[in-house]
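[1] Have a look at this prediction, sequence included:
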Amino acid sequence: MVLQMMTPLELIDLAQVSKRTRNLVKFGAKEYKMKLCTDGTIWIRSGRKNFTVRIHKEVKKSPKRWYRCFNDEQVAVYKSNDGLDTFWQDTDHGVKQLAKYLRTVFDCTFYELSISLNEEQFQPFTQYFLNLQKSISELYIGYDSLPNQHLVEFLDSMDVTEKLTLYTHFREDFIYEFKKVPKLTHVGRYFNRDNLMSSSWTNLYVEASCILTNQDLDFFVQKWKSGGFPDLKFAIISSFRINTLTRIDGHIPPIRNRRKTTSDFKRLVTYAVDVNDGVEVVRIDGVKATLSVLIEHPCSTFVLYVRK
């Protein structure tokens, strides 16, 4: 009971005393969730409260700092109001050491991982993380460009259950079929038609595409109508290349329901979508969906909302 009233910082201090107290923390503290960012930040969450552990480059000693031992390695630390600052000669090494240590102390896996690494750093880090755990609720990958092989190997090995965000600049020959599709897949501007058509999506959000055209979106609708994407609940695709000249499922954008008498707003990702404001499309098995296209400058939005 006492352990459950302690803050994460107090529990980390207690775990430093001995292996016995570390085991007390592991089995007696309340449940925590942790998020790891490769920029050098680890969040420890309990309810609505966040406690932050930051990893910095080693600086000169200060009387406000003292030393703590993480996995038999002593580093300088400094307490702040919202967490703990740690100082390492090698920050990449510090991220890995602290991630491993905190998983042990709080006896929990990471629920979210955010990766922003160049191609030299990406593979060593992802191999390290896969040795820690092979499943995660939310995964974010963002960088200008990553080698196809490294990205595919990691996506094949990591089971993402809730949300996958890919903001990396896909190379032109990158085509990937997801073996396990998370509940929400959020991809960035370099997502092309081959990738759009390759996987059986559940909820898909393509943000600010500079590639997808009316013809690509028409292919997507036709595949859904013929029985493809059987688990799809919605697809939202914003694109700079949607125009008012080329038809999507026989309709010239904007595609709206001018005769609707009632609205039915649904919260889809960051959008409040009126799922009555569109045209009805029907799949081969009779399942109905609402198709709408909103023309805006500079980026227009396509929505396919399946009514089940």
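    Good, I have the coordinates. Numbering: from 1, shown residues only.

[2] Next up, the contacts around the nearest residue to Asp144 once chain neighbours are set aside.
    Distances taken as Cβ to Cβ, 6 or more residues apart in numbering put His169 closest to Asp144, at 4.9 Å, once the chain neighbours are dropped. (Each C-beta comes from the backbone N, C-alpha and C, glycine too.) By Cβ atoms under 8 Å, 6 or more residues apart in numbering, His169 lies in contact with 143-145, 188, 190.

[3] can you rerun that using 10 Å?
    Counting by Cβ atoms under 10 Å, 6 or more residues apart in numbering, His169 touches 142-146, 188-190.

[4] what do you get for Cys37?
    By Cβ under 10 Å, 6+ apart, the neighbours of Cys37 are 43, 54-55, 95, 112-116, 140.

[5] Do a quick rundown of the helices in the stretch 101-250 of the chain.
    In the stretch 101-250 of the chain, the segments counted as helices under DSSP state H, counting those that start in this stretch are 119-132, 148-157, 193-198, 214-225.

[6] out of the ones you listed, deepest packed?
    Highest mean neighbour count among the helices of the stretch 101-250 of the chain (mean count of other Cβ atoms under 10 Å): helix 214-225, with a mean of 19.

[7] tell me how far it is from the chain's mean position?
    Remark: helix 214-225 is offset 26 Å from the chain centroid, using Cα atoms, centre = their mean, to the nearest Å.

[8] Also stretch 26-37?
    Using Cα atoms, centre = their mean, the offset of stretch 26-37 from its chain centre is 20 Å.

[9] same question, stretch 19-36
    Taking Cα atoms, centre = their mean, one finds stretch 19-36 lying 25 Å from the centre of the chain it belongs to.

[10] That one: which residues count as buried?
    Buried positions in stretch 19-36, judged by neighbour count with 16 or more other Cβ atoms under 10 Å: 21-22, 24-26, 29, 32-36.

[11] Which positions in stretch 260-277 come out as buried?
    Neighbour-count burial for stretch 260-277 flags 268, 271, 273-277 (criterion: 16+ other Cβ under 10 Å).

[12] can you list the residues that contact that stretch?
    Contacts with stretch 260-277, where a contact means Cβ under 10 Å, 6+ apart, come from 163, 184, 186, 203-205, 207, 233-236, 238, 255-258, 278, 289-290, 292, 294, 301, 303, 305-307.

[13] among those residues, which ones are buried?
    For these, buried by 16+ other Cβ under 10 Å: 163, 184, 186, 203-205, 207, 233-236, 238, 255-257, 278, 289-290, 292, 294, 301, 303, 305-306.

[14] if you look at those, which of them are in strands?
    163, 184, 186, 203-205, 207, 234-236, 238, 289-290, 292, 294, 301, 303, 305-306 (DSSP state E).

[15] on that earlier part again, out of the contacts of Cys37, the closest to Asp85 would be?
    Nearest to Asp85 among the contacts of Cys37: Arg54, at 4.9 Å, using Cβ to Cβ.

[16] can you tell me which residues contact that closest one?
    37, 39-42, 78, 80, 82-87, 94, 98.

[17] Check Val287 too.
    Taking Cβ under 10 Å, 6+ apart as the criterion, Val287 is in contact with 224-225, 227, 230, 232, 281, 306-308.

[18] Apply 8 Å and report the result again.
    Here Val287 is in contact with 306-308 (Cβ under 8 Å, 6+ apart).

[19] what's the answer for Met197, then?
    Here Met197 is in contact with 219-220, 223 (Cβ under 8 Å, 6+ apart).

[20] among the contacts of Cys37, who's most crowded?
    Among those, Ile55 has the most neighbours (other Cβ atoms under 10 Å), with 26 neighbours.

[21] Name the residues of whichever strand or helix holds it that come out as buried.
    Ile55 is part of strand 49-57, with elements assigned from DSSP states H and E. Neighbour counts using 16+ other Cβ under 10 Å place 51-55 of strand 49-57 among the buried residues.
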